[in-house]
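Novice: Any chance you can model this:
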Amino acid sequence: MTLWGGRFASGPSELLRRFNDSFAFDRELFDADVRGSVAWARALADANALTAEECAAIVEGLEALAAPGADDDFEDIHSYVEAKLRERVGALAGKLHTGRSRNDQVATDLKLWLKEACNEALQSIDAVSKSLVRRAVEEVATPMPGYTHLKQAEPITFGHWCLAYVEMLARDAARLADAARRNDECPLGSGALSGTPIAIDREALAKSLGFARATANSLDSVSDRDFAAEYLFAAAMLLSHLSRLAEDLIFFTSDEVAFAELPDAMATGSSRMPQKKNPDVLELVRGHAGRAIGELTGLLALLKGLPLAYDKDLQLDKEPLFRTRLTLAAALPALAALLDGLQLDRARMRDAASRDLLLATTLTDAIAANGVPFREAHELVGNAMRDRTPLQSLAEKHGVTFSVDEALAKRSAKGGTSPLRVKEAAEARA
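Specialist: Sure thing, here's the model as predicted:
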């Protein structure tokens, strides 16, 4: 069934159908399409374009529709819904599209779908954040090396490391929530491009679908895909943060570092090497971050030169969104489970954090606090490191003490790694 055959003397060729049809992927919008169609039927009845009886029959028919099966073959999800509705209510199904276009229909479907995708992602982000906060509470005073340039720098606590990613995830959640708020407006009633000729109360229609308001301009409404781009940006940024977390954990669980061990349930083995315990979950997160950046770039490139209003290029906006949602739905719970089961070697972490390499700055600060200008203290400690002189001898010469616990305790300014500050920060996020 096509929705546009009257102007044509013959039907579409198989070549056209293979290239043009979107049903293979936009069937994902079935629930949103039915929901939008129910709301549209009721709005038509309110505008006296349908009788109460016609509206009731159409709504009952729509709500009884089953999702597409594997053998169904249609141009798109809209033609599927209308064809299946026609099987139930006959020619009356043709009245449902009065004053509506597939242009405002698909824009509405996609926004409904994206609202759900954002809410789903926010819940999954919250689960990962809670896993990190739980670990932070447990490890407020667990020393470990902190790194810059992947070189040992200064001691931090594992709890502080956890909370750094909690901050990133909080920004990711805020971006998604902000995008959802900004795009919380309903395109339905915009028609093909110029607005519907039916006296629809578009504000009431928007509210009935859970939107905050109706869109303000019909030309923009049917061609706007900002929400899609913002969702992909937020997802790419989120996965970039998760990729950094994954890279850290790959490093921490390496045989050379061995600060932690992956839980058996969230690691894989080798078909050849029996000793292997591989961080496949973490590597896949890292890989998916790259693909998410590509999805965003592809959509922006698609959008950048489109004239107003709707263009068929916009059919290609959906698959990146569907793939990204599936990725987040799999990756975020897997990471939460991995973090919950991560086993730390606290003694090894403390030992590594107590080396001269990590405490050089602490000793420099202690000597400076004893009256030596910081730049002179910096050179003294630097010379000792260059000459491989144990820092303890330099500390004794200047009458100062230093240790990993002192180093951590002194980082007590807001945002610092002292156990007291980490405990406060973790409790604030709990």
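Novice: Where do the strands of this structure begin and end?
Specialist: With strands called from DSSP state E, the chain shows them at 143-148, 151-157, 185-186, 213-214, 260-261, 343-344.
Novice: what's the closest of those to Ile200?
Specialist: Closest of the strands of the chain to Ile200 is strand 213-214, at 9.3 Å (criterion: Cβ to Cβ). Every C-beta, even on glycine, is put in place using the N, C-alpha and C of the backbone.
Novice: who does that closest one pair up with?
Specialist: Strand pairing for strand 213-214, using DSSP bridges, gives strand 185-186 (parallel).
Novice: Show residues contacting the strand it pairs with.
Specialist: With contacts defined as Cβ atoms under 8 Å, 6 or more residues apart in numbering, strand 185-186 is touched by Thr108, Lys111, Arg202, Leu205, Ala206, Leu209, Phe211, Ala212, Arg213, Ala214, Thr215, Ala216.
Novice: Just the mean pLDDT for that strand, thanks.
Specialist: Strand 185-186 shows an average pLDDT of 98 in the prediction.
Novice: what's the answer for stretch 244-255, then?
Specialist: Across stretch 244-255, the average pLDDT comes to 98.
Novice: Repeat that for stretch 286-294.
Specialist: On average, the pLDDT along stretch 286-294 is 98.
Novice: And stretch 31-51, by the same measure?
Specialist: With pLDDT averaged residue by residue, stretch 31-51 scores 98.
Novice: May I have that stretch as PDB, with CA atoms only?
Specialist: What follows is stretch 31-51, C-alpha atoms only, in PDB (Å, rounded to 0.1, in the frame of the first residue of the first chain):
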ATOM      1  CA  ASP A  31       4.600   2.900  19.300                       C
ATOM      2  CA  ALA A  32       5.200   6.600  18.800                       C
ATOM      3  CA  ASP A  33       3.300   6.500  15.500                       C
ATOM      4  CA  VAL A  34       0.300   4.900  17.100                       C
ATOM      5  CA  ARG A  35       0.400   7.300  20.000                       C
ATOM      6  CA  GLY A  36       0.600  10.300  17.700                       C
ATOM      7  CA  SER A  37      -2.200   9.000  15.500                       C
ATOM      8  CA  VAL A  38      -4.500   8.500  18.500                       C
ATOM      9  CA  ALA A  39      -3.900  12.000  19.600                       C
ATOM     10  CA  TRP A  40      -4.500  13.300  16.100                       C
ATOM     11  CA  ALA A  41      -7.800  11.500  15.800                       C
ATOM     12  CA  ARG A  42      -9.000  13.000  19.000                       C
ATOM     13  CA  ALA A  43      -7.800  16.500  17.900                       C
ATOM     14  CA  LEU A  44      -9.800  16.000  14.600                       C
ATOM     15  CA  ALA A  45     -12.900  15.100  16.700                       C
ATOM     16  CA  ASP A  46     -12.400  18.200  18.900                       C
ATOM     17  CA  ALA A  47     -12.200  20.300  15.600                       C
ATOM     18  CA  ASN A  48     -15.400  18.600  14.300                       C
ATOM     19  CA  ALA A  49     -13.500  17.000  11.400                       C
ATOM     20  CA  LEU A  50     -14.500  13.600  12.800                       C
ATOM     21  CA  THR A  51     -17.600  12.600  14.600                       C
END
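Novice: Now that stretch: buried residues?
Specialist: Neighbour-count burial for stretch 31-51, counted by 16 or more other Cβ atoms under 10 Å, picks out 32-47, 49-50.
Novice: about what we covered before: pick the most deeply packed of the strands of the chain.
Specialist: Ranked by average neighbour count under the criterion mean count of other Cβ atoms under 10 Å, these are headed by strand 185-186 at a mean of 22.
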